[in-house]
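> Just the structure for this:
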Amino acid sequence: MRLSGFQNTLTIVTGAAGGIGQAVTRLLLEAGARVVATDTEAALASYEAPAGASVMPLDVRDAEAAEALVATAEAEHGPLGLGVHAAGVLAVGPLLDLPDAEWQRVIDINATGSFNVTRALGRAMARHGRGAIVSVSSNAAGVPRLNMGAYAASKAAATMLIRCLGLELAGKGVRCNIVAPGSTLTPMQTGMWTEKDGSGERAVIEGSLEAFRTGIPLKKIATPEDIAAAVMYLLSDQAGHVTMADLYVDGGATLRA
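Next up is the predicted model:
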């Protein structure tokens, strides 16, 4: 089955310079979408955008900037049809030791940033009476994790935000869904590994009773393309009757039915 619904469709991708954002952008372009790739100015400084993508800076914490980006993208490329919100940050450490500023940074980017971006996307799509939004969350949104409390809390908030937005927009022809990755081979994941000899990857796959992690039943870490493929399905015409769904792509790590 070939996924459809992308040809000449304006699509905005946040977090486009990250591992998953890059993979999503590539697949969208291959499918014929017109892609506006966004990320922070700092991230874009080292980002090599693929041919065909239009690049615009965006700090998702800035609500006015998110609205302005959507308006500019539509003025240049036509009505917005699809949106992928993949921007996010990770903070690692015990909650009892977490500085106030670090908690606020994670909440501002992962939770409030999701609100700013998806509200702007949703407003435009509601005006057009059609569209699909996919937000990249995390399996940590539904399972407690040691030393990831701020990240997990922020992703849980973002996940419920998207589900509620999906309910609000369903009658306006706009679908809103979530992809929840587990451990994925991106700089965010490898940045947590202290050893560079492959032991970090093996530890993630094998799990740890001490850390209350079950490991990955499929015995492999996801690639960014694994996550991007799930995003593409939820954006496509073939998911036309799917909204408010939370699709876990974690190799079975959370043992969800």
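> neighbouring contacts of the helix or strand of the chain with the lowest mean pLDDT?
Ranking every helix and strand in the chain by mean pLDDT, DSSP states H and E puts helix 187-190 at the bottom, with a mean of 81. Residues from elsewhere that reach helix 187-190 (CB atoms under 8 Å, 6 or more residues apart in numbering): 18-19, 90, 183, 200, 204, 221. (C-beta placed from N, C-alpha, C; glycine too.)
> Arrange those residues in JSON lines, one row each, with distance to residue 56, secondary structure and pLDDT as further columns.
Output for these, formatted as JSON lines (distance: CB to CB, whole Å; DSSP: H, G, I helix; E, B strand; the rest coil; pLDDT from 0 to 100):
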{"residue": "18", "distance to residue 56": "16", "secondary structure": "coil", "pLDDT": "96"}
{"residue": "19", "distance to residue 56": "20", "secondary structure": "helix", "pLDDT": "95"}
{"residue": "90", "distance to residue 56": "24", "secondary structure": "coil", "pLDDT": "95"}
{"residue": "183", "distance to residue 56": "30", "secondary structure": "coil", "pLDDT": "91"}
{"residue": "200", "distance to residue 56": "34", "secondary structure": "helix", "pLDDT": "83"}
{"residue": "204", "distance to residue 56": "34", "secondary structure": "helix", "pLDDT": "88"}
{"residue": "221", "distance to residue 56": "31", "secondary structure": "coil", "pLDDT": "94"}
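> got the CA coordinates for stretch 96-115 in CSV?
The C-alpha coordinates for stretch 96-115 follow below in CSV (Å, rounded to 0.1, in the frame of the first residue of the first chain):
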residue,chain,number,x,y,z
LEU,A,96,14.7,16.1,44.1
ASP,A,97,17.9,17.6,42.7
LEU,A,98,16.4,19.3,39.6
PRO,A,99,16.9,23.1,39.6
ASP,A,100,13.8,25.3,39.1
ALA,A,101,15.2,26.8,35.9
GLU,A,102,15.7,23.4,34.4
TRP,A,103,12.2,22.2,35.2
GLN,A,104,10.8,25.4,33.7
ARG,A,105,13.0,25.1,30.5
VAL,A,106,11.7,21.6,29.9
ILE,A,107,8.0,22.5,30.6
ASP,A,108,8.3,25.7,28.4
ILE,A,109,9.7,23.8,25.4
ASN,A,110,7.9,20.4,25.6
ALA,A,111,4.5,21.4,27.0
THR,A,112,3.9,25.1,26.4
GLY,A,113,5.8,24.8,23.1
SER,A,114,3.4,22.0,22.0
PHE,A,115,0.5,24.3,22.9
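> List the neighbours of it that are in contact with it.
Residues contacting stretch 96-115 (CB under 8 Å, 6+ apart): 60-61, 63, 85, 87-91, 93, 135, 149-151, 153-155, 157-158, 161-162.
> Any buried residues in the least confident helix or strand of the chain, and which?
Across helix 187-190, burial judged by 16 or more other CB atoms under 10 Å covers 188-189.
> same question, stretch 166-181
Buried residues in stretch 166-181 (16+ other CB under 10 Å): 166, 169, 174-181.
> Could you do stretch 136-153 as well?
Those would be 136-143, 145, 147-153, for stretch 136-153 by 16+ other CB under 10 Å.
> got the contact list for stretch 69-82?
By CB under 8 Å, 6+ apart, stretch 69-82 touches 5-6, 9-12, 28, 33-34, 36, 38, 54, 56, 58, 120-121, 123-125, 128, 130-133, 235.
> try stretch 215-227
19-20, 22-24, 27, 136, 179, 181-186, 189, 201, 204-208, 249-253, 255.
> how about the strands in the stretch 151-257 of the chain?
With strands called from DSSP state E, counting those that start in this stretch, the stretch 151-257 of the chain shows them at 174-181, 246-249.
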